[in-house]
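**Q** Just need the structure, nothing else, for what follows:
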Amino acid sequence: MNKRGTCALTPQIRKKICPTSKRAQMKLSFGMIFSIFLIIIFLAIAIYFIIKFLNLQESIQIETFQNNLQADINQMWQSQQGSREVEYRLPNKIDAICFIRNDDYQNLMFESEKPMDGKMIDNINLESITSGKTRYCIPNIDGKVKMTISKDYGETLVMIAKQN
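**A** A predicted model of the protein is given here:
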């Protein structure tokens, strides 16, 4: 008998004895292709949900900024006078926040590549903040927006200015 074993025998004996055939090899190939296909599907789904999670995180960060800004403005508005430097974190995709004077539904807008919804901020003096212009923008530098919230004695509304 040679070193190749029983699979080197005649074709009739080989069909009976040897378990490997072209049909079995085809099933193995289909199984491998199917498992690779499943791996690709699972990776695509994982990447999709990671991107959705990151977008949700950015939305939460923007909403937190809006709520914290309104809370700080309300706190200053309820006091007699004062000035406070504040710093807020925003996603880097936002270039600046802008206070807009001529809009009845929103006076805080976000400058970015994609259009974003603004918000109505109460108790601020838009006439003084914008200084006669239609908008006053504060840049977002490295994910941080720095501003000064102030109110002088006798004023009814709060002022916002860029922090140097």
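**Q** Taking the centroid of this protein, which residue is nearest it?
**A** Asn55 (2.9 Å; C-alpha atoms, centre = their mean).
**Q** what kind of secondary structure is it in?
**A** helix (DSSP: H, G, I helix; E, B strand; the rest coil).
**Q** Which pLDDT value does the model give it?
**A** On the pLDDT scale, Asn55 is placed at 87.
**Q** mind listing the helices for the chain?
**A** 11-17, 22-78, 126-130 (DSSP state H).
**Q** what about Asp103, how many neighbours?
**A** Neighbour count for Asp103, taken as other C-beta atoms under 10 Å: 14. From N, CA and C alone the C-beta is placed, and that goes for glycine too.
**Q** do Ser150 as well
**A** 16.
**Q** and it, what is it in contact with?
**A** 76, 82-84, 158-161 (C-beta atoms under 8 Å, 6 or more residues apart in numbering).
**Q** Which strand residues bridge it?
**A** Beta-bridge partners of Ser150, counted by DSSP bridges, are Ser83, Met159.
**Q** any idea how far Ala96 is from it?
**A** Going from Ser150 to Ala96 by C-beta to C-beta, to the nearest Å gives 20 Å.
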